[in-house]
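J.: My questions concern the predicted model and sequence given below.
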Amino acid sequence: MTNPTGVMIYYYFVCKRKLWFFCKDIKLEDNSEDVGIGKLIDETSYQREKKHINIDNIINIDFIKDWEVLHDIKKSRSIEEASIWQLKYYIYYLRKKGVNIEKGILDYPKLKRRIDVFLDDIDNEAIEKIIKEIDEISNLSRPLERETKKICKKCAYYELCFV
């Protein structure tokens, strides 16, 4: 694997076991109520923008301003670290393609909040390490051990881990 998707970067920070299931094409998010709410917020926010820009089936950007600022719309701040790194990966990926992205913005329309996200040299190194780890996880023959986290009860993969 040379380029993980933005979702894989996100899952890397949320739960590496969930990442493994996703890499093995076990995708359960379509039935998740939380995911449905997030999609509804996305659909009803920033309606004047050209949204859902898919690049190489690797990253899916909510919208871009002047090809300099990426925007990613999120429902809540509950997994903010994962959201920040996903957006950093989008910047990383586009810069590798020669697009000079200045920054990213995490938009929380429901909370009326925004967070600026920048990518620096240290982040570039971290992303390259993360890409290697995602590749290693995806090549495992079995899922990683379950970790119990606060977010598990709302996870679409909950039954695979706890039932």
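T.: Yep, that arrived.

J.: Buried ones in stretch 76-86, by neighbour count?
T.: Buried residues in stretch 76-86, counting neighbours by 16 or more other Cβ atoms under 10 Å, are found at 79, 82-86. C-beta: built from backbone N, CA, C; applies to glycine.

J.: Dump those residues to CSV, plus secondary structure, pLDDT and distance to Lys154.
T.: Below are the buried residues of stretch 76-86 laid out as CSV (DSSP: H, G, I helix; E, B strand; the rest coil; pLDDT from 0 to 100; distance: Cβ to Cβ, whole Å):
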residue, secondary structure, pLDDT, distance to Lys154
Ile79, coil, 90, 10
Ala82, helix, 96, 14
Ser83, helix, 95, 16
Ile84, helix, 97, 20
Trp85, helix, 98, 20
Gln86, helix, 97, 18
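
J.: Tell me, please, the helix or strand in this protein that averages the lowest pLDDT.
T.: Least confident helix or strand of the chain, by mean pLDDT, DSSP states H and E, is helix 33-44 with a mean of 55.

J.: What is the subsequent helix or strand relative to that one?
T.: Once helix 33-44 ends, the next helix or strand along the chain (criterion: DSSP states H and E) is strand 53-55.

J.: Sheet partners, orientation included, of that next one?
T.: Paired neighbours of strand 53-55 in the sheet (DSSP bridges): strand 59-61 (antiparallel).

J.: Now do the partner strand: everything it contacts.
T.: Strand 59-61 is contacted from outside by 5-6, 52-55, 70-72, 89-90, 93-94, using Cβ atoms under 8 Å, 6 or more residues apart in numbering.

J.: Check which residues of it are buried.
T.: Neighbour-count burial for strand 59-61 [16+ other Cβ under 10 Å]: 59, 61.

J.: same question for the next helix-or-strand element following that strand, mean pLDDT?
T.: Next in sequence after strand 59-61, counting helices and strands by DSSP H and E, comes strand 63-65. The average pLDDT within strand 63-65 is 84.

J.: Equivalent analysis for stretch 149-159, please.
T.: pLDDT averaged over stretch 149-159 gives 85.

J.: next one: that stretch to chain centre, how far?
T.: 17 Å (Cα atoms, centre = their mean, to the nearest Å).
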